[in-house]
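Peer 1: got a sequence here, can you build the structure:
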Amino acid sequence: MPSLSIVLASNNAGKLAEFTDLFASWDVQLRTQGEFIAEGAEETGTTFEANALLKARHASQASNLPAIADDSGLEVDALQGAPGVYSARYAGDDATDADNNRKLLAALEGVPPRLRTARFRCALAYVQHAHAEPVFARGTWFGRVLLGPRGDRGFGYDSLFLPDESRLTAAEMETVAKNRVSHRALALHDLLGRLVANGVIAPKPR
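Peer 2: Numbers count the residues shown, from 1 in each chain. From the prediction side, this is the model:
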């Protein structure tokens, strides 16, 4: 059995798949908050870090286990950084990915490709217990928003996001390739380094 169970403070199937893959070589059992609680924390923070911490503390309190949470979003320069922390609910509280993508494309109508620069940002928060001092990590993935969707992998705005130095959108990339360069992968790599340095986790035994 893994030496450490960590609760992922998300019910998003896409995020769970990404985190499971990213944790594959570590001696950790990743569990979802849905095993312990029906609803996640209300995201009332005004920054990615604040929302990540709210979610991590909520999941840890419910499970009595260490928890990790991410808050991430797309910042578009032509929209003064929107949708930002409101990325998941850009088109409303019950918006689907398709709803959010449609609203983003409508907001950028008439904006030429060279001015559609954007970045995905991710903040991760890890807490050993609900009241512990958090460990934060961050990642940024630069690119631009296309005129229309391409690809059927990923989730969120992936099909509209063309990373710098790539001919493939985030939704066209193979999982292994994406998990080397994405904002979430960069943030988790940062976090894993911090947790290893603090003796919290270790690689899976051979």
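Peer 1: low-confidence stretches in the protein?
Peer 2: Within the chain, the set of residues satisfying pLDDT under 70 comprises 1-2.
Peer 1: quick one, strands of it?
Peer 2: Ranges of strands in the chain, per DSSP state E, are 4-8, 28-32, 67-76, 117-127, 135-145, 161-163.
Peer 1: those: which one's closest to residue 43?
Peer 2: Residue 43 lies closest, by Cβ to Cβ, to one member of these: strand 67-76, at 7.1 Å. Every residue, glycine included, has its C-beta placed from N, CA and C.
Peer 1: kindly format the C-alpha coordinates of the closest one as CSV.
Peer 2: Only the C-alpha atoms of strand 67-76 are listed here, as CSV (Å, rounded to 0.1, in the frame of the first residue of the first chain):
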residue,chain,number,x,y,z
ALA,A,67,-5.1,17.5,0.7
ILE,A,68,-4.0,19.1,-2.5
ALA,A,69,-6.0,21.6,-4.5
ASP,A,70,-5.4,23.6,-7.6
ASP,A,71,-7.0,26.7,-8.9
SER,A,72,-6.3,27.5,-12.5
GLY,A,73,-7.5,29.6,-15.3
LEU,A,74,-6.9,31.4,-18.6
GLU,A,75,-5.8,35.0,-18.7
VAL,A,76,-6.2,36.7,-22.1
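Peer 1: other SSEs contacting that strand?
Peer 2: Counting contacts by 3 or more Cβ pairs under 8 Å, 6 or more residues apart in numbering; DSSP states H and E, strand 67-76 packs against strand 4-8, helix 48-63, strand 117-127, helix 183-197.
Peer 1: what comes up buried for the third one?
Peer 2: Along strand 117-127, these residues count as buried under the neighbour rule (16 or more other Cβ atoms under 10 Å): 118, 119, 120, 121, 122, 123, 124, 125, 126, 127.
Peer 1: same check, this time on the shortest one
Peer 2: Under the neighbour-count criterion of 16+ other Cβ under 10 Å, strand 4-8 has 4, 6, 7, 8 buried.
Peer 1: show me the contacts for the nearest residue to residue 49 once chain neighbours are set aside.
Peer 2: Nearest residue to residue 49, sequence neighbours excluded (Cβ to Cβ, 6 or more residues apart in numbering): residue 123, at 4.5 Å. Residues in contact with residue 123, defined by Cβ atoms under 8 Å, 6 or more residues apart in numbering, are 47, 48, 49, 51, 52, 70, 71, 72, 136, 137, 138, 187.
Peer 1: any idea how far residue 123 lies from residue 138?
Peer 2: From residue 123 across to residue 138, the span is 5 Å (Cβ to Cβ, to the nearest Å).
Peer 1: okay, and the common contacts of these two?
Peer 2: Common neighbours of residue 123 and residue 138 (criterion: Cβ under 8 Å, 6+ apart): 48, 49, 187.
Peer 1: mind putting the residues you listed into CSV with neighbour count and distance to residue 164?
Peer 2: What follows is the shared contacts of residue 123 and residue 138, written out as CSV (neighbours: other Cβ atoms under 10 Å; distance: Cβ to Cβ, whole Å):
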residue, neighbour count, distance to residue 164
48, 25, 20
49, 18, 24
187, 25, 18
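Peer 1: number of residues surrounding residue 89?
Peer 2: Neighbours of residue 89 under the rule other Cβ atoms under 10 Å: 14.
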